[in-house]
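>>> Provided below for reference: sequence and predicted model.
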Amino acid sequence: MFGLRRRGWLSVVGAGVSVLASAAFTGGVGGASTSSSTITYTVHPIAVQATSSTSVAALTPGYCVATFGLACYTPQVIHTAYQIPWTIDGQAAGTGQSIAIIDAYGSPTVQSDLNTFDTAFGLPPTTVNIYYPGGSPTVNPLKNATQAGWAEETSLDVQTAHALAPGAKINLIVAASPAGNVLNNALNYVVTNHMGDVMSMSYGAPEAAIAGGGNNLQVSQADTIFQRAAGQGMSVFASAGDNGGSNGYASANALFPASDPFVTSVGGTDLFVKALSSKHSTSYAYSSEYTWNDSDPTTCPFGCTYGVFGATGGAPSSIFAAPTYQQGVTGQSMRTTSDVSFNASVYTATMIYLGFLGESNDGFYFFGGTSESAPSWAAITADLNQARGSDLGQFNPRLYAIAGTSSYAKDFHDVTVGNDQLPFPTGAGFAAGRGYDMPTGLGTPIVTGLLATFAPGATYSLTQP
């Protein structure tokens with residue numbers, strides 16, 4: 001029998017970072033002078049612990065709802081619900097692609113955790129290539145809560161990416177700390193050495209917490225790196241945040257780097273599959289989706305047994321003007337997040353293995369948060385790149401070009417229910433609606449539709465080998 005333990009948020013949203021300047025900035029935010037104040041990025045892996053002698057692969061979503069009050073999704077469920085292929089042109093999805101994952105501190109058990117995850121779900125094994133551009137940090141997650149949060153994030157990122165692009169190479173780039181200049185050095189290392197066809201970042205800082213706003217040197221440096229990434233055909237993804245439309249502040253607030261115009265910002269949803277109708281059902285077909293917001297009693301799944309974990313981010317930027325690709329779609333003069341979305345609720349959780357928390361705490365966890373969403377879209381993009389035989393590059397212009405066309409309904413689930421308004425501190429946020437909206441962007445992927453749009457000649461299979 002499983003026992004559940006809520007871990008909750010492992011860290012709180014913080015501030016700080018260093019960098020250059022770009023024409024994308026509105027200027028004047030925080031005054032004309034530049035600021036070298038450091039940004040301290042944070043992560044929000046959110047999890048409920050599950051321990052059992054029973055194989056997690058045997059759990060059905062409906063069984064978990066009946067037993068624990070939350071759904072549990074294996075990689076097989078996610079592949080089926082979003083129509084993500086297992087093989088493309090006869091090879092494992094993602095073959096020939098590299099996914100660069102950026103994290104601070106890393107995880108001391110990232111490879112063994114992935115091995116356990118792969119064995120449990122029948123995934124092909126792979127080796128995580130780990131790089132330390134600023135030197136390998138001393139890490140002890142059992143004695144350092146901040147490091148524990150980043151270690152959980154690291155295992156979540158790696159396992160999620162591998163589950164959805166099992167043939168892709170995983171390059172994990174570990175920064176020695178979450179300081180802005182240190183993480184920017186890691187980003188620069190990725191782009192300078194072209195460490196990925198796609199890049200995923202599950203960290204962020206609210207724009208309101210960044211000293212100098214658009215005049216912050218570290219923001220400018222990061223933006224310049226993202227522009228370079230786009231110039232070499234790399235697609236870049238970041239989490240929109242887990243603290244609602246305000247990201248913990250008194251007014252609407254976007255998370256950076258997700259707010260950068262050269263980054264695809266990924267929001268979160270509650271995904272429902274047909275198997276939820278019965279604890280014995282294995283019909284994993286897509287049923288519906290809501291905006292992820294645990295504080296909304298009309299949409300929070302299954303009565304929110306464990307309370308409020310959070311809500312997706314999604315808000316206008318105070319730093320970046322609306323890029324060309326958003327003009328005429330969002331109705332805003334400023335860059336807005338999210339661009340797209342993906343399942344992110346702990347109540348519709350994915351299962352991730354952690355092996356560094358000590359004997360009584362090691363095991364599989366039910367995970368949520370937009371920390372899951374960003375590497376998921378990165379992996380899907382790796383699959384699309386493989387199918388088309390070339391990299392999609394900066395993805396946002398291609399994604400927004402689909403809006404309003406006949407392809408939109410075939411390529412995206414349009415999430416129209418819910419909002420990202422957490423009641424604390426002020427309830428700032430936005431509602432979902434038809435077409436583009438800030439909590440969920442253009443929507444969640446129908447990957448077979450995206451394949452038809454971007455790689456119409458590819459063959460693929462939705463059956464796991």
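Everything's here; your move.

>>> ok, which stretches of this structure are helices?
Along the chain, the stretches classed as helices by DSSP state H are 61-68, 75-81, 110-121, 145-164, 180-192, 217-231, 370-388, 396-400, 408-411, 447-454.

>>> what's the angle from the fourth one to helix 447-454?
So the one you mean is helix 145-164. 70 degrees (axes from the mean of the first three to the mean of the last three Cα atoms, to 10 degrees).

>>> Give me the helices and strands touching helix 145-164, please.
Packing partners of helix 145-164 (3 or more Cβ pairs under 8 Å, 6 or more residues apart in numbering; DSSP states H and E): helix 75-81, strand 98-104, helix 110-121, strand 169-175, strand 348-354, helix 370-388. All C-beta atoms are positioned from the backbone trio N, CA, C, and that covers glycine.

>>> For the protein, which helix or strand comes out least confident on mean pLDDT?
strand 3-9 (a mean of 43; mean pLDDT, DSSP states H and E).

>>> so which of the helices of the chain comes closest to Ser36?
Closest to Ser36 of these, according to Cβ to Cβ: helix 217-231, at 5.0 Å.

>>> Buried residues in that closest one, which are they?
For helix 217-231, a neighbour-count test (16 or more other Cβ atoms under 10 Å) marks 217-227, 229-230 as buried.

>>> Spatially central residue in this protein, please.
The residue lying closest to the centre of the chain (Cα atoms, centre = their mean) is Ala374, at 2.1 Å.

>>> contacting residues for that one?
Ala374 makes contact with 157, 200-202, 237-239, 266, according to Cβ atoms under 8 Å, 6 or more residues apart in numbering.

>>> how deep is the closest residue to Val77 other than its chain neighbours tucked in, by neighbour count?
Spatially, and ignoring its direct neighbours in sequence, Val77 is nearest to Tyr284 (4.6 Å; Cβ to Cβ, 6 or more residues apart in numbering). Tyr284: 20 surrounding residues under other Cβ atoms under 10 Å.

>>> Quick check on Tyr284: phi, psi?
Dihedral pair for Tyr284: phi -90, psi 10, per degrees, to the nearest 10.

>>> Am I right that it is in contact with Val273?
Yes - the criterion here is Cβ atoms under 8 Å, and Tyr284 meets it with Val273 at 5.0 Å.

>>> Val447 reaches Thr381, doesn't it?
No - the criterion here is Cβ under 8 Å, and Val447 misses it with Thr381 at 10.1 Å.

>>> any chance of the buried residues of helix 217-231 in a markdown table, with distance to Gln327 and pLDDT too?
Converted to a markdown table, the buried residues of helix 217-231 look like this (distance: Cβ to Cβ, whole Å; pLDDT from 0 to 100):
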| residue | distance to Gln327 | pLDDT |
| --- | --- | --- |
| Leu217 | 28 | 95 |
| Gln218 | 27 | 96 |
| Val219 | 22 | 97 |
| Ser220 | 23 | 97 |
| Gln221 | 26 | 97 |
| Ala222 | 23 | 98 |
| Asp223 | 19 | 98 |
| Thr224 | 23 | 98 |
| Ile225 | 24 | 98 |
| Phe226 | 19 | 98 |
| Gln227 | 19 | 98 |
| Ala229 | 22 | 98 |
| Ala230 | 18 | 98 |
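
>>> Let's have these in JSON lines, adding distance to Gly94.
Formatted as JSON lines, these follow (distance: Cβ to Cβ, whole Å):
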{"residue": "Leu217", "distance to Gly94": "36"}
{"residue": "Gln218", "distance to Gly94": "32"}
{"residue": "Val219", "distance to Gly94": "31"}
{"residue": "Ser220", "distance to Gly94": "33"}
{"residue": "Gln221", "distance to Gly94": "30"}
{"residue": "Ala222", "distance to Gly94": "26"}
{"residue": "Asp223", "distance to Gly94": "28"}
{"residue": "Thr224", "distance to Gly94": "29"}
{"residue": "Ile225", "distance to Gly94": "24"}
{"residue": "Phe226", "distance to Gly94": "22"}
{"residue": "Gln227", "distance to Gly94": "26"}
{"residue": "Ala229", "distance to Gly94": "19"}
{"residue": "Ala230", "distance to Gly94": "21"}
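
>>> which two of those residues lie the greatest distance from each other?
Pairwise distances across these peak at 20.6 Å for Leu217 and Ala230 (criterion: Cβ to Cβ).

>>> circling back: so which of the helices and strands packed on helix 145-164 is the most surrounded?
Highest mean neighbour count among the helices and strands packed on helix 145-164 (mean count of other Cβ atoms under 10 Å): helix 370-388, with a mean of 29.

>>> neighbours around Ser390, how many?
Ser390 has 12 neighbours, counted by other Cβ under 10 Å.

>>> how far away is it from Val65?
Ser390 sits 42 Å away from Val65, going by Cβ to Cβ, to the nearest Å.

>>> What of Ser136?
Distance, Ser136 to Val65, using Cβ to Cβ: 42 Å.

>>> Between those two, tell me which one has more neighbours.
For Ser136 versus Val65, neighbours defined as other Cβ under 10 Å are more numerous around Val65 (22 against 11).

>>> Give me the pLDDT for that one.
Per-residue pLDDT puts Val65 at 95.

>>> List the contacts of it.
71, 276, 279, 302.

>>> wait, doesn't the second one sit right on Thr60?
No - counting by Cβ under 8 Å, Thr60 is not a contact partner of Leu276; they are 9.1 Å apart.

>>> surely Gly96 meets Ala387?
No - in this structure Gly96 lies outside contact range of Ala387 using Cβ under 8 Å: 10.4 Å.

>>> ok so, going back, which of the contacts of Val65 are buried?
Using 16+ other Cβ under 10 Å as the burial test, the contacts of Val65 include 71, 276, 302 as buried.

>>> Out of the buried residues of helix 217-231, flag the one nearest to Ala186.
So of those, ranked by how close each gets to Ala186 (Cβ to Cβ), first place is Ile225, at 9.8 Å.
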